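**Student:** Predicted model and sequence below, questions to follow.
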Number of protein chains: 2
Amino acid sequence: LSADSPLAVPHDALFGAHNLPYGVFSTAADPRRRLGVAYGEHVLDAGAAARATGAPAELTALLDAPSLNPLLAAGRPAWTRARAAVTAWLTDEQHRTAVTGALTPRADAILHLPFEVADYVDFYASEHHATNVGRIFRPTAEPLPPNWKHLPIGYHGRAGTVVVSGTPVVRPCGQRKEPGDAAAVYGPSVRLDIEAEVGFVVGAPSPQGGRVALADADAHVFGVCLVNDWSARDLQAWEYVPLGPFLGKSFATSVSPWVVPLDALAPARTTPPPRYTEPLPYLDDRAAEPPYGLDIALEVRLNGHLVSRPPFASMYWTYAQMLAHLTVNGASLRTGDLFASGTVSGPARDTRGALIELTWNGADPLDLPDGTRRSFLEDGDEVTISATAPSAAGTRIGLGEVTGRVVPARP
Amino acid sequence: LSADSPLAVPHDALFGAHNLPYGVFSTAADPRRRLGVAYGEHVLDAGAAARATGAPAELTALLDAPSLNPLLAAGRPAWTRARAAVTAWLTDEQHRTAVTGALTPRADAILHLPFEVADYVDFYASEHHATNVGRIFRPTAEPLPPNWKHLPIGYHGRAGTVVVSGTPVVRPCGQRKEPGDAAAVYGPSVRLDIEAEVGFVVGAPSPQGGRVALADADAHVFGVCLVNDWSARDLQAWEYVPLGPFLGKSFATSVSPWVVPLDALAPARTTPPPRYTEPLPYLDDRAAEPPYGLDIALEVRLNGHLVSRPPFASMYWTYAQMLAHLTVNGASLRTGDLFASGTVSGPARDTRGALIELTWNGADPLDLPDGTRRSFLEDGDEVTISATAPSAAGTRIGLGEVTGRVVPARP
């Protein structure tokens, strides 16, 4: 393989052979949406590669699609077969010539929402985040609510406003009423924030009235993306009692364009932090092997400046516990369901995944290297969340990034 | 028209010519799902009728479909044309012979979920309900939260577990911890409840970053259904602080099979109750003509016994206010979005729309005429919510019913 071949991907590339995340792309020359696999600096047109290599018809049908949904719905045995096939196409000499024609430079690829989001659930699984938020909003009370250590708290978000990385985020308007205000006022949010999260994409559905046990989580979870759960803290503070966040969140949720298969994250498996309380049996993962924690290292950049390194390994509740809890009441899963972890915050200040924590609700603003100062987001600000994880080769794989720029509120 | 013609529908029939609700049906002999219009004791196969009458191709395409979604997406001018056409087919002599072959007895129709639910939002728009719940849970505090009179409180529910009337409801399991309990326990809900609600079906979408003004609500809302938002009060009470209801609601939400077009409810327009506070401009409907209140009379039956008559006309917030609020932050609408009113409760005890209010959280159980007593639902119980509204003819139209029977929790 010559060094200038698009298939000559370095051993330690973030999008190398141990990663192979899926996305949906088009190009200016060919606006059809099609399934792609990121490899090095290129995107493999998965459907075109399946045809060029004479793949079985069933596999070709799953890959020759305008979204990930057909592959998601096909279940884990099909996911394993597809990953093995794509790996062989990109790395076995016999296929290289055939698939080279199915490669597009990533720089030329227009990336779209990789799957049709069914229901979107957001959890609150970081003890450090929940504790910080509790201390900020309820300084004289116990920071964690009484239920926090017994169940992964979650709520439903708006699936219809999940957008792909790069989509501008319009500053939301709404009502706010700060504690000293005489009346509620209407206007653009003045405390616009981010939440750096990890999202889990459900592939195989489950029936209503059934449950997904911890040990069955991986039969349903296809893979992982990055999530920025944009949050208008002022709208949220006024609206959220008693039924939870609504307009403070529902204006936009951004996701990364590349969904990393759970298989690629096997080397990232790690034991979650010890639990304080005896988990109820449906949440008891203490004997799970491999464990369900994931050592994913996030980075948050504000206008290009690194402001936080949230460690996903520090999350109290795991994705398997979130899924077991989500379905323990008989709620069904649909292909395309997305559940996110909630803000990932570690114990140190520079590992917090939201501005409200990084600036302690504005009391301690961030001074950026370019001389600017931020408590919350200003119009024009760009936030980028990226992540990496250990790979099977002892190097690291990338989860790509989710980015978005704030544009002014509409008049 | 002979009296035994299926088209001889009495002037005062609940499903007469002034109603013409849409649903999706199949039959044992023909399992294809198809769009139907209820008329008297029959269902008109709308696609077959369009073909039989030589309707324009665009209209036929909207009606010859396995769900309401294509018609929903087409927008209000198309809704008006479709309603005029169906009215003519059923009531004009020239079409009667052609459409008679497209009629199926309603008793033979298997009714399905009439549309694909995109996002499901539930509001909390009844002052009486919110006050009752506040008094039950926070007896020493102001019953209404401080934001209640300023905005229609709402939250997102689980779209994937919205089911059509008649679907059995499996008693959910989950965690509960009553105030005196030493620890959280896991098991089937012991306080399973109903919420009698009115749901609004969004047809025409709106863009992300935009807003739907009060005056534009009817360009987006296609029609109305009945909703039973089944609620496990014990799960809900333990989980809902701080992010709102989750598993206490997400196991099942039942909807009526017939969606009544907003046009059919024009005679039900009524002025909502006076507002306590000056509404912010985006919610100020005091000059709206016609008003957005709807005089829909609900009835709740438990095992066949009438237990409540909730009056939708008493709702503080209207559907137009709910929609204006839902989108004021730039949240987009999708075809198939469903938003529900929250429990409809009037001021009198026998007009409350949930058992928790009717029995004051079990302190004052309901004695039913068959000698049984209920605080919350027992396995085998059947709940049916039905409703009527004034018609253009001075009679009443029916919204049909949403019914469901509780089946035991899965082991």
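**Tutor:** Received the coordinates, thanks.
**Student:** And what about the closest residue to chain B within the stretch 151-300 of chain A, helix, strand or coil?
**Tutor:** Ranking the residues of the stretch 151-300 of chain A by distance to chain B (C-beta to the nearest C-beta) places A:Gly244 first, at 2.2 Å. In this view, the C-beta of every residue, glycine as well, is placed from N, C-alpha and C. When the structure is reduced to helix, strand and coil (DSSP: H, G, I helix; E, B strand; the rest coil), A:Gly244 reads as coil.
**Student:** where do the strands sit along the stretch 201-350 of chain A?
**Tutor:** A:221-228, A:231-232, A:253-255, A:260-261, A:269-270, A:293-294, A:297-302, A:305-308, A:338-340 (DSSP state E, counting those that start in this stretch).
**Student:** hey, what's A:Pro188 bridged with?
**Tutor:** When bridges are called by DSSP bridges, A:Pro188 pairs up with A:Cys173.
**Student:** Just give the number of residues close to it.
**Tutor:** A:Pro188 has 20 neighbours, counted by other C-beta atoms under 10 Å in any protein chain shown.
**Student:** if we can go back for a sec, kindly reformat the strands of the stretch 201-350 of chain A as CSV containing mean neighbour count.
**Tutor:** Rendered in CSV, the data for the strands of the stretch 201-350 of chain A read as follows (neighbours: other C-beta atoms under 10 Å in any protein chain shown):
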stretch, mean neighbour count
strand A:221-228, 28
strand A:231-232, 28
strand A:253-255, 27
strand A:260-261, 26
strand A:269-270, 18
strand A:293-294, 23
strand A:297-302, 20
strand A:305-308, 19
strand A:338-340, 26
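**Student:** how close does the closest residue to A:Leu1 other than its chain neighbours get to A:His42?
**Tutor:** Once its chain neighbours are removed from consideration, A:Leu1 has its nearest residue in A:Ala8; the separation is 5.1 Å (C-beta to C-beta, 6 or more residues apart in numbering or on different chains). Summarising the geometry, the distance separating A:Ala8 from A:His42, computed by C-beta to C-beta, to the nearest Å, is 11 Å.
**Student:** Who has more neighbours out of the two?
**Tutor:** Neighbours around A:Ala8 and A:His42, counted as other C-beta under 10 Å, are more numerous at A:His42. The numbers are 23 against 10.
**Student:** Redo the strands of the stretch 201-350 of chain A as JSON lines? Include distance to B:Phe15 and mean pLDDT.
**Tutor:** Formatted as JSON lines, the strands of the stretch 201-350 of chain A follow (distance: least, C-beta to C-beta, whole Å; pLDDT from 0 to 100):
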{"stretch": "strand A:221-228", "distance to B:Phe15": "45", "mean pLDDT": "98"}
{"stretch": "strand A:231-232", "distance to B:Phe15": "45", "mean pLDDT": "98"}
{"stretch": "strand A:253-255", "distance to B:Phe15": "41", "mean pLDDT": "99"}
{"stretch": "strand A:260-261", "distance to B:Phe15": "51", "mean pLDDT": "98"}
{"stretch": "strand A:269-270", "distance to B:Phe15": "58", "mean pLDDT": "98"}
{"stretch": "strand A:293-294", "distance to B:Phe15": "55", "mean pLDDT": "98"}
{"stretch": "strand A:297-302", "distance to B:Phe15": "56", "mean pLDDT": "98"}
{"stretch": "strand A:305-308", "distance to B:Phe15": "60", "mean pLDDT": "98"}
{"stretch": "strand A:338-340", "distance to B:Phe15": "40", "mean pLDDT": "99"}
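**Student:** Reformat these into a markdown table and put distance to A:Phe123 next to each item.
**Tutor:** Conversion of those to a markdown table gives the following (distance: least, C-beta to C-beta, whole Å):
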| stretch | distance to A:Phe123 |
| --- | --- |
| strand A:221-228 | 11 |
| strand A:231-232 | 14 |
| strand A:253-255 | 13 |
| strand A:260-261 | 19 |
| strand A:269-270 | 18 |
| strand A:293-294 | 14 |
| strand A:297-302 | 16 |
| strand A:305-308 | 19 |
| strand A:338-340 | 7 |
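**Student:** Can I get those in a markdown table including distance to chain B?
**Tutor:** Supplementary listing: the strands of the stretch 201-350 of chain A in a markdown table, determined by distance: least, C-beta to the nearest C-beta, whole Å:
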| stretch | distance to chain B |
| --- | --- |
| strand A:221-228 | 15 |
| strand A:231-232 | 7 |
| strand A:253-255 | 11 |
| strand A:260-261 | 23 |
| strand A:269-270 | 26 |
| strand A:293-294 | 22 |
| strand A:297-302 | 22 |
| strand A:305-308 | 23 |
| strand A:338-340 | 11 |
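**Student:** Spell out which parts of the stretch 51-200 of chain A neighbour chain B.
**Tutor:** Counting by C-beta under 8 Å from any C-beta of the partner chain, the positions of the stretch 51-200 of chain A adjacent to chain B are A:118-119, A:121, A:124, A:145-147, A:150-151, A:153-161, A:163, A:170, A:172-175, A:177, A:184, A:186.
**Student:** can you state the direction angle for the longest strand seen in chain A and strand A:221-228?
**Tutor:** Of all the segments of type strand in chain A, defined by DSSP state E, the longest one is strand A:396-407. Relative orientation of strand A:396-407 versus strand A:221-228 (axes from the mean of the first three to the mean of the last three C-alpha atoms, to 10 degrees): 40 degrees.
**Student:** And the strands in the stretch 1-150 of chain A?
**Tutor:** Read by DSSP E, counting those that start in this stretch, the stretch 1-150 of chain A holds these strands, from start to end of the chain: A:22-26, A:34-39, A:42-45, A:103-105, A:110-112, A:120-123.
**Student:** so how far is the second one from its chain's centroid?
**Tutor:** On the basis of C-alpha atoms, centre = their mean, to the nearest Å, strand A:34-39 sits 18 Å off its chain's mean C-alpha point.
**Student:** circling back: please dump the strands of the stretch 1-150 of chain A into JSON lines; it should also carry mean pLDDT for every row.
**Tutor:** Below are those laid out as JSON lines (pLDDT from 0 to 100):
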{"stretch": "strand A:22-26", "mean pLDDT": "98"}
{"stretch": "strand A:34-39", "mean pLDDT": "98"}
{"stretch": "strand A:42-45", "mean pLDDT": "98"}
{"stretch": "strand A:103-105", "mean pLDDT": "97"}
{"stretch": "strand A:110-112", "mean pLDDT": "98"}
{"stretch": "strand A:120-123", "mean pLDDT": "98"}
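**Student:** Redo those as JSON lines? Include distance to B:Asp193.
**Tutor:** Formatted as JSON lines, the strands of the stretch 1-150 of chain A follow (distance: least, C-beta to C-beta, whole Å):
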{"stretch": "strand A:22-26", "distance to B:Asp193": "42"}
{"stretch": "strand A:34-39", "distance to B:Asp193": "45"}
{"stretch": "strand A:42-45", "distance to B:Asp193": "51"}
{"stretch": "strand A:103-105", "distance to B:Asp193": "55"}
{"stretch": "strand A:110-112", "distance to B:Asp193": "42"}
{"stretch": "strand A:120-123", "distance to B:Asp193": "22"}
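**Student:** out of those strands, which comes closest to B:Gly248?
**Tutor:** Closest to B:Gly248 of the strands of the stretch 1-150 of chain A is strand A:120-123 (C-beta to C-beta; 14.1 Å).
**Student:** Packing partners of that closest one?
**Tutor:** In terms of contacts (3 or more C-beta pairs under 8 Å, 6 or more residues apart in numbering or on different chains; DSSP states H and E), strand A:120-123 is packed against strand A:154-157, helix A:319-327, strand A:338-340.
**Student:** re the thing from before, dump the longest strand of chain A to CSV, keeping only the CA atoms.
**Tutor:** Included here for strand A:396-407 are C-alpha records, laid out as CSV according to Å, rounded to 0.1, in the frame of the first residue of the first chain:
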residue,chain,number,x,y,z
ARG,A,396,-6.9,5.9,21.0
ILE,A,397,-10.0,6.1,18.8
GLY,A,398,-11.9,9.3,18.3
LEU,A,399,-15.6,10.0,18.8
GLY,A,400,-15.3,13.0,16.6
GLU,A,401,-16.9,16.2,17.7
VAL,A,402,-20.2,18.0,18.2
THR,A,403,-20.0,21.7,17.5
GLY,A,404,-22.4,24.6,17.2
ARG,A,405,-22.4,28.4,17.1
VAL,A,406,-24.9,30.6,18.8
VAL,A,407,-26.8,33.0,16.6
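**Student:** Good, wrapping up.
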